[in-house]
Each structure stands twice: as C-alpha cells, then as structure tokens.
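1. after the sequence you'll find the predicted model.
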Amino acid sequence: MKPTDRTLSMPPFRAMQILASARELEAQGRDIVHMELGEPDFRTPPHIIDAAFHAAEDGFTGYTPAEGLIELREALSSYYKQQYGVVVDPDRFIVTMGSSPALWLIFASILEQGDRVLMTDPHYACYPNDVRYVGGEPVKLPVRVEDGFRVDPGRVSAAANGNIKAFLINSPSNPTGSVTEPADLKAIAELPFEHLISDEIYHRITYGVKSHSMLEYREDAFILSGFSKVYAMTGWRLGWIIVPPDFIEPMRRVHQNLFLCASSFVQKAGVQKAGVAALTGPQDEVRRMVETYDKRRVFIVGALRDMGFNIPVEPAGAFYVLADARHLDESSENLSNRLLNEAGVAVTPGIDFGEAAEGFLRFSYATSIERIAEGMKRIGKWLET
Ligand SMILES: Cc1ncc(COP(=O)(O)O)c(C=O)c1O
C-alpha cells in the first residue's frame, strides 16, 4: 500500500511546522511570541456568532445547494456592487469552505495535464503545490526587491508566452504586503492570458489605499476571496469564487461531488435576512481591526528597521512584513529555527514563499502590540549576543 506520488511529493506548509515546533517548546514551559501565523488574533464579531448560533438553533443544519444559499450569493452580489461598482450575477458565485478549496477548484477546472500557471515569486506558499497536485506546472515570475515587489505588467507580459495558460495574482500580497496599483491591474487584465485568477482574500485590510477587484478590469477573471481574514473567521471555513459564465455549471458539479456544500449555519453567518451578519451587518469591527493592524504595522516596521533589517517595501495591505535578513543568515529556515529556539520568537522563513524570498523572514502582525514589542525586544537581545 502506498500513497500516490503526487500525494507523497506534496511539500509541508512551513508556517504550520514552525507552529508545531513552537507548541512543543511551549509544552516544555517556554514562552513563545507567535508571529508566524496569518491568522487574525481578533475574535469574530459577536453579531456574526449570533447569526450562526441562531441559525443552528433554528434547525438550519442540513445541506444547502452546492453553489451556496441564494441569499448569501445575492448579498455577495450587492457587496461587489457596493465595494467595487461591478455588477455580478448571483449565479456566478460558488460558496466554498474558505478560499483554499476555491483555489483547488479553479486549478482543477482550468488545467489539463502539464498546463502552466504563471505566479509571482514570492507567492502564497500553497499556490505551486495546489497547481502541481492537479497536474499543472507552476512558473515563477520573480518580483524584485529593487522594484518594491511591484507586479510590473511589462515583466508579466514578457513572461506571457503561449505556453502559459493562466496568471495568478494576489493583492494585497502574502507575504510582501504590497498592493498592486489600479493601473497595473488594468494593464495585467489586458494581457492575452486565457485565464486570469485573482486571490483577493486580503481585500479591505489596507492602509491608506483602496482594494480594487480584478473584476473591475476583466469580466471573465476568476476571483476568489472569503471571510477568514477581514472578518476574523479563519476557523469558520467560508469563502467564494466568482466564475466566468461557461464555468458555472461544470464547476458547481465538481463542487457538489467533492464537497456537497459549505456548512449551512456558517453560510447564515455570512448573511441573514434580518441584516445582522458579516456582509450585511455593521462593519465597525472591521474598521477597528484594520486600524489596529495599521498601528502595529507602523510599530513593527520601525522596530525591525531600528534593529538593522531592511524592509524594502512598507506593507500597504494584509498583515505581514517581509524583512530582509540576509545579513544574518543566507538560509531563512536556519534563521527562523534559531530565532524560535534561541530567542523564543516564531516567524516564517521566506523560503516558504519561493526562492525569491530566501534570506527574508515574514513577520505576521496579527498579534497584539504588546506581544510584538516583546518579540522585538527578544530579537534585539538575541542580536546583541
Ligand atoms: C493569499 C492567501 N490565499 C488564500 C488563503 C486561504 O485562506 P482561507 O482558506 O482561510 O480562506 C490564505 C491564508 O493564509 C492566503 O494567505
């Protein structure tokens, strides 16, 4: 008995491995500052919890249509009108269990064996692994430190030869925190890729700039997003895809066969007729969370720079800083292991996000300013020794 080769060759998610090692140290009594996780430290806003709780209590615990509740898809459609000024038919949404299955579903629906997907490097760790798992081939486009990690349409265009089936963009970006300018999004939208995929999971977590959806510039782009980050709902597993019309019916079938549907009462937490849930309810908590991230962002960027880390790009979105640590160690994995074991600070090695981020460390500031300050203090002391 043996798992398939593609299963055996799936690389681990290093951030989770760092977390596991940190937990082991904690079990031995060590105090660890966690800055490795891309997970909001806030609790889900109470009106969202109430909506799910009441839906479950009212017996809303069965299957829903595979594509998701119509009231949630209608609310998502209104949300796109209000946030981005685009009209999207509710039928173009497929509600998924977070944006991770959405990614897989898109790749599985557009890639034949050997088809190539162009993506930036650094990139979200799972992208190339997901592409490979469905038989596709990831192709990396390094985004350069000297360009401020900009996804330059000219360089994307130069890489867009006939062998590339799709381009995948993620703005605000994990791990760089950079936000692609509307003019660059528009220029990328006009490139002759058969498919354009836009991962918009960090939308609205931006500092002084507005998030623009690729849908504003290309109507048939695949958009994926979800509730995890902006509403602090990572464990609820709720997300969505917007698919081009020709893909609606076949992708619904695949979703139905593989997943049946997203959790029913969790979908009710996304929307409720009474108007008190994530999309339709008060958004004050989202504003409060983003303001808090912003304060931490300013603090951590300053503290890291004071300690000699080069931050080539001040993050304008998401909740990560990618810091150049090559002066300390060429191997980011080595360095993050040392920081964990010797300084008690958990961060993610840049190599998790591609070769272009080797020598960098990704600090997540989705943790309290007190813990960030403690982490900075420990790193400062460690550097002195
Ligand atoms: C860029 C990006 N896309 C997708 C995801 C997956 O999020 P979820 O499955 O919780 O929606 C993450 C999680 O960290 C991410 O950083």
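-> Good, I have the coordinates. It should be emphasised that the depicted structure is a prediction, and the values quoted were computed from it without experimental measurement. Residues are numbered from 1 along each chain as shown.

2. excluding chain neighbours, what is closest to Ala325?
-> Spatial nearest neighbour of Ala325, chain neighbours left out: Leu361 (4.9 Å); criterion: CB to CB, 6 or more residues apart in numbering. (Each C-beta comes from the backbone N, C-alpha and C, glycine too.)

3. wait, what's in contact with that neighbour?
-> By CB atoms under 8 Å, 6 or more residues apart in numbering, the contact list for Leu361 reads Phe309, Leu322, Ala323, Ala325, Ser332, Leu335, Ser336, Leu339, Val347, Thr348, Pro349, Gly350.

4. want to throw those residues into TSV with secondary structure and neighbour count?
-> Below are the contacts of Leu361 laid out as TSV (DSSP: H, G, I helix; E, B strand; the rest coil; neighbours: other CB atoms under 10 Å):
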residue	secondary structure	neighbour count
Phe309	coil	22
Leu322	strand	27
Ala323	strand	21
Ala325	coil	23
Ser332	helix	25
Leu335	helix	20
Ser336	helix	27
Leu339	helix	26
Val347	coil	26
Thr348	strand	31
Pro349	strand	27
Gly350	helix	28
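
5. also near the ligand: which of the residues you listed, exactly?
-> The overlap between those and the neighbours of the ligand (CB under 6 Å from any ligand atom) is empty.

6. which SS class is Pro151?
-> Not quite, residue 151 is Val, not Pro. Assigned by DSSP: H, G, I helix; E, B strand; the rest coil, the conformation of Val151 is coil.

7. quick one, what contacts it?
-> Counting by CB under 8 Å, 6+ apart, Val151 makes contact with Thr120, Val143, Ile169, Ser171, Ser178, Thr180, Asp184, Ile188.

8. now do it against Leu215, distance only.
-> Using CB to CB, to the nearest Å, we find Val151 at a distance of 17 Å from Leu215.

9. so where do the strands sit in the protein?
-> With DSSP state E as the criterion, the chain has strands at 33-34, 93-96, 116-121, 137-142, 164-170, 195-199, 222-226, 239-242, 320-324, 345-346, 348-349, 360-364.

10. using PDB, write out every CA atom in the second one.
-> Coordinates of the C-alpha atoms in strand 93-96 are reproduced here as PDB (Å, rounded to 0.1, in the frame of the first residue of the first chain):
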ATOM      1  CA  PHE A  93     -20.800  32.800  -7.200                       C
ATOM      2  CA  ILE A  94     -19.900  29.400  -5.800                       C
ATOM      3  CA  VAL A  95     -19.700  29.400  -2.000                       C
ATOM      4  CA  THR A  96     -16.800  27.300  -0.700                       C
END
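
11. buried ones in it?
-> Residues Phe93, Ile94, Val95, Thr96 are the ones in strand 93-96 that count as buried (16 or more other CB atoms under 10 Å).

12. of all those residues, which comes closest to the ligand?
-> Distance to the ligand across these (CB to the nearest ligand atom) is lowest for Thr96, with 8.3 Å.
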